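Chemist: model this:
(chains A, B, C and D)
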There are 2 protein chains.
Amino acid sequence: MNPFATHFESLEEFADRVSELLQCPITIEDANHRLIAYSGHEHYTDPARTATIIHRRVPERVINSLWREGVIPKLLQSEEPVRVTEISEVGLGNRIAISIWKNKEVLGFIWAIEMNEQWTEQQFHLLKQAAKAAKNLLSQLQIRKHKKEERIQEFFWKLLTGHVSSPHDIVEQCHQLNVHVYPFFSVGIFQFQQQIQTQVERQIDYLLKTTQQLAIPLYTIDHQRLIVLVAPSSNVYGEANIERFFRSFMTQMRERFRVDILMGAFGNVYECYTKIAKSYEEAQTVLKMKRAFPHQLANIQSYQHLGMYQFFDLLFEQKRHGDFHNAALEKLKQYDAQHHTNLVETIETYLDCDSNVNETAKTLNIHPNTLAYRLKRISEIGNIDLSNMSEKVKLYIDMKLDKYRTT
Amino acid sequence: MNPFATHFESLEEFADRVSELLQCPITIEDANHRLIAYSGHEHYTDPARTATIIHRRVPERVINSLWREGVIPKLLQSEEPVRVTEISEVGLGNRIAISIWKNKEVLGFIWAIEMNEQWTEQQFHLLKQAAKAAKNLLSQLQIRKHKKEERIQEFFWKLLTGHVSSPHDIVEQCHQLNVHVYPFFSVGIFQFQQQIQTQVERQIDYLLKTTQQLAIPLYTIDHQRLIVLVAPSSNVYGEANIERFFRSFMTQMRERFRVDILMGAFGNVYECYTKIAKSYEEAQTVLKMKRAFPHQLANIQSYQHLGMYQFFDLLFEQKRHGDFHNAALEKLKQYDAQHHTNLVETIETYLDCDSNVNETAKTLNIHPNTLAYRLKRISEIGNIDLSNMSEKVKLYIDMKLDKYRTT
DNA sequence: CAAGCTTTTGTGGATTTCCACAAAAGCTAT
DNA sequence: ATAGCTTTTGTGGAAATCCACAAAAGCTTG
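Modeler: Predicted coordinates:
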């Protein structure tokens, strides 16, 4: 019944047996992604696997990708196999992974490369049996897995994805990893123009290690992104300090190393380390909004200064349900279409310019009186009171949400 | 085993039997709330039951309350008993109700008055058995329940609560009920100062029937509220027409009949009758926001002009999860507390006044230059760019959400 | 194309805003 | 109490806004 119910001389023999049964290459790692065993059959092997075997551990950048994609979180949460679709940036092909459990603790992982065909139920079942069998084999190995040995970057990813326990545990783990704990922090992201090469990694490391503006206890690189935990020295001017550091970092990368950074963003400054995940999400929101509104948010880096765009994901979700229909905006659009006018563009620019007549007129290349006339028509056609803040806000948000939809 | 497995001479005998077993008064109605049978034992009877028995039907206002409270929707959806807590405005005591089903259709209802003690599991079980037994007795009765006989008000409540089928069915039902179908409509609510008495009902009916401004195909009265379906003649000026009608209705009620209406509100104008429930909800939202922001929304009646307050329930919900923390606002509050200043009030008034310096200064009774100075301080302390619409919006919404929380 | 409409641009003057500077008033801590 | 700070109010001039009115240009429609 159970094809793994025999005695295995070594873990390699076990890996070969699994590989034979599943007809694909097998890799077994411990909980810290160090290689334990791998099958030797002649099969296609993707670059990520090759590198893992050569260095006897999974490359950092592969692990980073797996965290970001949510693969490792899933593996740490359930005993079910997880399918990983190709992550070509790190040379990872289609994979199936499963975690090896003992007493509610993950001992390690089995990785299978998915060959050409989709897996059958039978194959998934076999993999689960293999994971059960591996449990006994691994626990005999007396694998040293002190927390000290966990690598810093993976720890950072755990914090970023919210896979953490109590604040106290976090602090303790920081001490063990020799990571200084600061009273305030924020998570920042730099979006690079291209994938970050090894050489650039060294340059980043250099800049981060030598900066005096604030402390950077943790950082990690993921494909085109550099993610940093920044710790400003004071709470009051924390945000301004981070802002300054971000600008100078981007300038230095460009001027010294000719590496262009598309944009930087960071979340709120928090005190409790369990909020790292939140700050990270906020930073991601900033990036998302900067992509959707490159012009408006060109100079914005912090979540705090995202202004109303903080609400946009939430509002957009609701709008998709057909809520927040704006009759005024509809009428203006209709008028524009029928009479070849630019009322919507006019009011949007006007609000962009904070209701400043001169600035708006200049931006639109029209006479200020033309603008005044248009505004009068807008309030007539749309039945809008343009001296009412609440109505202006509604109209502004609805227009921007419209734009957000098209991106 | 089953206490109802015997032969009953009449439905009255059945009602008496149920009453005996449950030790409480029992009333049996058909699907249109007409009285079919009732128990005659000497028990306490609430005013609603007395009126039902005397008129051989449940009073309109009781039915309206039951729809609004969601009792009838529940009864029409499941075969489980529903507990109704006292609705004293309509003389309804604590009740237990259950619907009588046959072939996925509701034939009628059994109502039990809950006497002093809470019901036991045993009692609920008995009631369910009674409902099953009533099914056979009722279906023998060949109860005439043509849709024509369904009363108009109940039909309106079905529309309001979204218990409707296809638009086509709705139109057909309208024809059967002799209700004219108009191309556009909106749902409006008038909130009266006191419960609406019979005399006032007649006055309302008179005014609604004689108005020429727009058509009112359906209306219903519920405790302190009058709910109307209004049909403006044109789509373009529909909202303005409704607005005018609302004002004149309120004026006339006050001047002719000395009846004060606290406020009126109406939802969006739609074309499809399935959207009546949505328009009704929007009208309710307007009332809610008018209660929370009586000053700002004093002159607002339509959902369309609710402006940004349309978002508030949604945003507030998210804010309760700890999102949207506004550091700028926090700093201003803190500064106010430490230095006995009014920065928050100042900026809120300034934004209320649409960034109009003169108006704000007059409202706050300060010199315009004082305002300018305060604004400069606000932008310094809060690190806010007051000429950035997005930041202003964020700050404004956060301040108003703060107020919303305290109401 | 001519009439009637909307839209753009122009002019001028009353009003408001913006800004710099300064005096006065108020608060706080030594 | 006094020095040092913040806050309020005042003055005046440049700039911007607002408003009414009007000419010109553009478009739609019969």
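Chemist: list the buried residues for stretch A:251-265?
Modeler: A:252, A:253, A:259, A:261, A:262, A:263, A:264, A:265 (16 or more other C-beta atoms under 10 Å in any protein chain shown). Quick note: C-beta positions are derived from backbone N, CA and C, even for glycine.
Chemist: so for that stretch, mean pLDDT?
Modeler: For stretch A:251-265, mean pLDDT rounds to 92.
Chemist: could you find the closest non-adjacent residue to residue A:45?
Modeler: residue A:25 (5.6 Å; C-beta to C-beta, 6 or more residues apart in numbering or on different chains).
Chemist: count the neighbours of that neighbour for me.
Modeler: By other C-beta atoms under 10 Å in any protein chain shown, the residues close to residue A:25 number 25.
Chemist: isn't it up against residue A:48?
Modeler: No: using C-beta atoms under 8 Å, residue A:25 makes no contact with residue A:48, being 11.3 Å away.
Chemist: any idea how far residue A:200 is from the spatially most central residue of chain A?
Modeler: Nearest to the mean C-alpha position of chain A, by C-alpha atoms, centre = their mean, lies residue A:68 at 5.7 Å. Between residue A:68 and residue A:200 the computed distance is 18 Å (C-beta to C-beta, to the nearest Å).
Chemist: same question, residue A:125
Modeler: According to C-beta to C-beta, residue A:125 and residue A:200 sit 44 Å apart.
Chemist: now do residue A:25
Modeler: 31 Å.
Chemist: over to residue A:218?
Modeler: Between residue A:218 and residue A:200 the computed distance is 19 Å (C-beta to C-beta).
Chemist: more neighbours, these two?
Modeler: Shown here are residue A:218 and residue A:200; by other C-beta under 10 Å, residue A:218 has more neighbours (24 against 17).
Chemist: how about the more buried one, what does it touch?
Modeler: Listed by C-beta atoms under 8 Å, 6 or more residues apart in numbering or on different chains, the contact set of residue A:218 reads A:152, A:153, A:155, A:156, A:159, A:179, A:228, A:229.
Chemist: so of these, which ones are in helices?
Modeler: Using DSSP state H, the members of the contacts of residue A:218 that fall within helices are A:152, A:153, A:155, A:156, A:159.
Chemist: just the buried residues out of these, in ChimeraX syntax.
Modeler: Selecting the buried subset of the ones in helices among the contacts of residue A:218 in ChimeraX, with 16+ other C-beta under 10 Å as the burial test, is done by:
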select /A:152,153,155,156,159
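Chemist: my read is that the residue nearest to the centre of chain A contacts residue A:222, right?
Modeler: Yes: here residue A:68 lies in contact with residue A:222, judged by C-beta under 8 Å, at a distance of 5.4 Å.
Chemist: can you list the residues of chain A near DNA strand D?
Modeler: A:339, A:340, A:356, A:357, A:358, A:359, A:368, A:369, A:372 (C-beta under 7 Å from any atom of the strand).
Chemist: if you skip the residues just before and after it, what's nearest to the last one?
Modeler: Going back to what we said before, that points to residue A:372. Here the residue nearest residue A:372, using C-beta to C-beta, 6+ apart, is residue A:357, at 7.0 Å.
Chemist: pull the contacting residues for that neighbour.
Modeler: A:368, A:371, A:372.
Chemist: ditto for residue A:286
Modeler: Counted by C-beta under 8 Å, 6+ apart, residue A:286 has contacts A:265, A:266, A:267, A:297, A:300, A:301, A:302, A:303, A:306.
Chemist: what's the farthest-apart pair in these?
Modeler: A:267 and A:297 (14.9 Å; C-beta to C-beta).
Chemist: secondary structure class of residue A:299, three-state.
Modeler: coil (DSSP: H, G, I helix; E, B strand; the rest coil).
Chemist: burial count for it?
Modeler: Neighbour tally, residue A:299, other C-beta under 10 Å: 11.
Chemist: quick check on it: phi, psi?
Modeler: Per-residue torsions, residue A:299: phi -100, psi 10 (degrees, to the nearest 10).
Chemist: element containing the closest residue to residue A:5 other than its chain neighbours, please.
Modeler: Using C-beta to C-beta, 6+ apart and skipping the chain neighbours, the partner closest in space to residue A:5 is residue A:133 (7.8 Å). Assigned by DSSP states H and E, residue A:133 belongs to helix A:121-140.
Chemist: which other helices and strands contact that helix?
Modeler: When contacts are defined as 3 or more C-beta pairs under 8 Å, 6 or more residues apart in numbering or on different chains; DSSP states H and E, helix A:121-140 sits against helix A:11-22, strand A:95-102, strand A:105-113.
Chemist: state the distance from the residue in chain A that DNA strand D sits nearest to to residue A:295.
Modeler: Closest residue of chain A to DNA strand D, C-beta to the nearest atom of the strand: residue A:358 (3.1 Å). Counting by C-beta to C-beta, the gap between residue A:358 and residue A:295 amounts to 20 Å.
Chemist: so between the two, which is more surrounded?
Modeler: For residue A:358 versus residue A:295, the count of surrounding residues by other C-beta under 10 Å is larger for residue A:358: 10 against 7.
Chemist: for the residue lying closest to that one once chain neighbours are set aside, which residues are in contact?
Modeler: Spatially, and ignoring its direct neighbours in sequence, residue A:358 is nearest to residue A:368 (6.3 Å; C-beta to C-beta, 6+ apart). If you count contacts by C-beta under 8 Å, 6+ apart, residue A:368 has them with A:357, A:358, A:361.
Chemist: likewise residue A:381?
Modeler: A:331, A:332, A:335, A:343.
Chemist: show me what from chain A comes close to chain B.
Modeler: Residues of chain A lying near chain B by C-beta under 8 Å from any C-beta of the partner chain: A:239-240, A:268-269, A:296, A:304-311, A:314-315, A:318, A:323-328, A:351-352, A:354-356, A:383, A:387-394, A:396-397.
Chemist: one more time with 7 Å
Modeler: A:268, A:296, A:304-305, A:307-311, A:314-315, A:318, A:324-325, A:327, A:351-352, A:354-355, A:387-391, A:393-394, A:396 (C-beta under 7 Å from any C-beta of the partner chain).
Chemist: which ones are touching the closest residue to residue A:81 other than its chain neighbours?
Modeler: With C-beta to C-beta, 6+ apart as the criterion, residue A:81 has its nearest non-adjacent residue at 4.5 Å, and that residue is residue A:98. Taking C-beta atoms under 7 Å, 6 or more residues apart in numbering or on different chains as the contact definition, residue A:98 lies against A:81, A:109, A:110, A:127, A:128, A:131.
Chemist: of the contacts of residue A:381, keep whichever come out buried.
Modeler: Buried members of the contacts of residue A:381, scored by 16+ other C-beta under 10 Å, are A:331, A:332, A:335, A:343.
Chemist: flag the shaky bits of chain A, pLDDT-wise.
Modeler: Within chain A, the ranges that satisfy pLDDT under 70 run A:1, A:141-150, A:235-236.
Chemist: doesn't residue A:216 lie inside a helix?
Modeler: No: counting by three-state DSSP, residue A:216 is not found in a helix; it is strand.
Chemist: what's the neighbour count on it?
Modeler: 19.
Chemist: quick one: it and residue A:232 touch, right?
Modeler: No: counting by C-beta atoms under 7 Å, residue A:216 stays clear of residue A:232, with 10.6 Å between them.
Chemist: tell me the one of the ones in helices among the contacts of residue A:218 nearest chain B?
Modeler: Proximity of these to chain B was ranked by C-beta to the nearest C-beta; the top entry is residue A:159 with 18.1 Å.
Chemist: the closest one against residue A:276, yeah?
Modeler: Yes: in this structure residue A:159 lies within contact range of residue A:276 using C-beta under 7 Å: 4.3 Å.
Chemist: residues near the closest residue to residue A:399 other than its chain neighbours, how many?
Modeler: The shortest distance from residue A:399 to any non-neighbouring residue, by C-beta to C-beta, 6+ apart, is to residue A:348 (5.1 Å). Close neighbours of residue A:348, defined as other C-beta under 10 Å, add up to 20.
Chemist: is it correct that residue A:348 falls within a helix?
Modeler: Yes: assessed by three-state DSSP, residue A:348 belongs to a helix.
Chemist: now do the contacts for residue A:298.
Modeler: Residue A:298 neighbours (C-beta under 7 Å, 6+ apart): none.
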